[in-house]
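[1] Here's my sequence, what's the structure:
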Amino acid sequence: KVRVTPKLKEVAEGEPVPKPETTKSSLWVDALYYADKLRSIPDISWMVNNLDHSAIMISEFGGVRFKSETDFQSTEELRAKGQHVIVDLKTSKDPFSKQWIQRKGQKGQYASFVEGHKYDLQAYIYRYAYLQNYGVMPNYYIVVVGKSEEAPVEIINMNGTDSDEYYARILDTYSEQFQRIKMGEVAPQGCGYCKNCR
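    Residues are numbered from 1 along each chain as shown. Below is the predicted model:
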């Protein structure tokens, strides 16, 4: 219910407010620039024109429900033809540089930016979410656009990785922690890798 204040009533009964004039932000201009670069590549142009955008999947790992939103995935029509694919878009200042990563129980090492940002874990979750929803393991690709004037594009094949067992164990650990958070036994903590943790 909305409490009607004098100000709200005044606005509701007043003249229509004209739409303000806006200028495109530099972020928006960059996005358009990268989109144009992507459209110039035949494989990626096909992806943009033929796959579902921002598709939602609900899955479960270790008794915890996950909501995933893929950038691109097979449409119902493509699935009927046996074509199962997920494509994730990323931007990076330098998609070709190596990053130092340290994982619990493992020796530190240099790895690709995909592993450095745990995009391989995201790939694991998306692939198995798709399997739970459609009964088929999809082909999974990451398309990386470099943040430079040249905007180099790299397509990374995330299929046939040998890290599934490792991430299954990691996800079980996460799921146990999620359950404890839900029960109020422990406080949630950020992962330290991004600003998006809730």
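[2] how about the strands in this protein?
    Using DSSP state E, the strands assigned to the chain run over residues 52-61, 64-73, 85-92, 98-101, 109-112, 139-146, 153-157.
[3] I'd like the distance between Phe178 and Met158.
    With the distance defined as CB to CB, to the nearest Å, Phe178 ends up 24 Å from Met158. Where you see a C-beta, it was placed from the backbone N, CA and C, and this is true even at glycine.
[4] isn't His53 right up against Ser74?
    No. His53 is not in contact with Ser74 according to CB atoms under 8 Å; the separation is 11.9 Å.
[5] Determine the longest helix present in the chain.
    What stands out as the longest helix in the chain, according to DSSP state H, is helix 164-182.
[6] List the contacts of that one.
    Residues external to helix 164-182 that are found in contact with it (CB atoms under 8 Å, 6 or more residues apart in numbering): Phe61, Gly62, Gly63, Val64, Asp120, Leu121, Tyr124, Ile125, Val186, Ala187, Pro188.
[7] Can you tell me which of the residues you listed are buried?
    Neighbour counting over these (16 or more other CB atoms under 10 Å) leaves Phe61, Val64, Asp120, Leu121, Tyr124, Ile125 as the buried ones.
[8] hmm, which two among these are most spread apart?
    Farthest pair in the buried ones among the contacts of helix 164-182 (CB to CB) is Val64 and Asp120. Separation: 19.6 Å.
[9] May I see the strands of the chain arranged in TSV, with distance to Ile44 and mean pLDDT as well?
    Shown next, in TSV, are these (distance: least, CB to CB, whole Å; pLDDT from 0 to 100):
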stretch	distance to Ile44	mean pLDDT
strand 52-61	13	88
strand 64-73	10	87
strand 85-92	8	85
strand 98-101	24	70
strand 109-112	20	72
strand 139-146	6	84
strand 153-157	7	79
